[in-house]
Structures are given as structure tokens and as C-alpha cells.
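[1] Whatever this is, show me its structure:
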Amino acid sequence: CRGCPEGYYQNTEAQASCLPCIPGEFQNETGQPSCETCPENSKSEEANSTQCDSCGIGEKSDEGSAKCTKCDAGEAGVGNNGVCGLCPIGQYRNSSMSATSCFTCPAGWSSEAGSAKCQSCQAGLFGDVVGDDCKDCGVGQYRTSKMTDATTCVGCSIGFSQSDTGQASCIPCSPGEFND
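    Just a heads-up that it's a prediction; the model follows:
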């Protein structure tokens with residue numbers, strides 16, 4: 001009797017032939033009773049494979065896969081060796097974009113980690129740096145949700161003030177007080 005070649009196995013005694021490893025499995029030794037499963041983030045597309053190939057940058061697979069798939073939306077090949085990982089805060093990737101990297105949100109917009117899109121800074125917040133998180137408007141400033149420029153806050157008008165940060169409006173000065 002001869003041992004089965006690499007890429008094949010036989011788990012039953014007294015057989016006339018060997019069986020090929022199926023896609024998603026491999027065998028790199030001769031005379032084996034079973035095939036090995038390809039690990040996560042690798043693949044073997046053909047039957048009788050002797051090795052698994054790593055997924056490309058921006059691709060992933062489950063254990064035992066015959067194919068790799070593109071990273072999910074909100075992920076890109078940002079992990080070790082191009083493995084899929086969450087896009088960081090201030091970056092995004094939707095499913096129609098290249099999966100090799102995340103894309104930076106423009107100034108006035110931000111995102112949570114793992115986002116598929118950017119969102120405009122909310123009222124009381126602004127973003128003046130590309131890819132940065134939204135920040136509170138400062139003391140004496142405000143920004144409403146209807147203001148189209150989310151990269152800056154506006155100073156309070158004469159007769160109005162704001163002593164808190166991150167506000168969407170200013171309040172009138174009390175009798176006996178002023179703001180110029």
C-alpha cells in the first residue's frame with residue numbers, strides 16, 4: 001500500500017484510491033487520514049489543495065473558506081497584514097468603496113469607529129480639522145443645527161451671551177448686564 005499524496009486523504013482501510021481535500025481544506029503531508037481546515041482569513045479555492053492562501057488586503061474569510069470576501073462596510077484592510085479592521089473615529093468606508101483603506105471625513109463631519117458614512121457635527125459642535133472628531137463650541141459661541149458651515153461656531157450677538165461650552169444658542173443678557 002502507498003500513502004495518499006499531498007492534497008489527498010483516506011480515512012478508511014483497504015481502499016483502492018484516495019479522496020481529494022475539498023475547497024476550504026488542504027493537506028501538505030502524505031499518507032494522512034484527513035485534511036486540515038484553512039484558518040480564518042485564508043482560502044483554498046481548488047480541490048486537492050496542499051496549502052491555503054492568505055486573503056488579500058481588504059478581504060476576509062471564515063475558517064474553512066474556499067473564497068475571501070471584501071471587508072464589511074465600516075471596515076477596511078487596516079489590521080495586521082491587511083486584515084479587515086474597523087475604520088477609526090473620523091474615518092469611514094461604505095460597501096461600494098475600495099476595501100483596502102478607510103476614507104477621512106471632511107472638516108465639519110465625523111464618524112464613530114466602524115462607520116459606513118460621516119455625519120455633520122451636531123448643534124453646539126464644530127469640526128475644523130479633516131478627520132477629527134467634532135468639538136464643543138467655546139464659551140461665548142454657538143452653532144445651531146440649521147447652520148450649514150459645521151467647521152466653525154459663531155460668537156454671540158450684542159446683548160446675548162453664553163457661559164457654557166457646546167451650546168446651540170446664546171441667551172439674552174439679564175437686566176443690568178450687557179455684552180458688546
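[2] Could you tell me how many residues sit around the residue nearest to residue 71 when sequence neighbours are not counted?
    Among residues not flanking residue 71 along the chain, residue 84 sits closest, at 3.8 Å (C-beta to C-beta, 6 or more residues apart in numbering). To be clear about C-beta, it is placed using only N, CA and C from the backbone, and glycine gets the same treatment. Neighbourhood size, residue 84 [other C-beta atoms under 10 Å]: 23.
[3] repeat for the one 4 residues further on
    Using other C-beta under 10 Å, residue 88 is surrounded by 16 other residues.
[4] so how far is residue 112 from the residue nearest the centre of the chain?
    For the chain, residue 75 is the residue whose C-alpha lies nearest the centre (C-alpha atoms, centre = their mean; 2.0 Å). For residue 75, the distance to residue 112 (C-beta to C-beta, to the nearest Å) stands at 13 Å.
[5] swap in residue 134?
    For residue 134, the distance to residue 112 - C-beta to C-beta - is 11 Å.
[6] Which one's more surrounded, those two?
    More neighbours surround residue 134 than the other of residue 134 and residue 112, with 23 against 15 (other C-beta under 10 Å).
[7] Surely that one and residue 126 touch.
    Yes: in this structure, residue 134 is within contact of residue 126 by C-beta atoms under 8 Å, at 6.5 Å.
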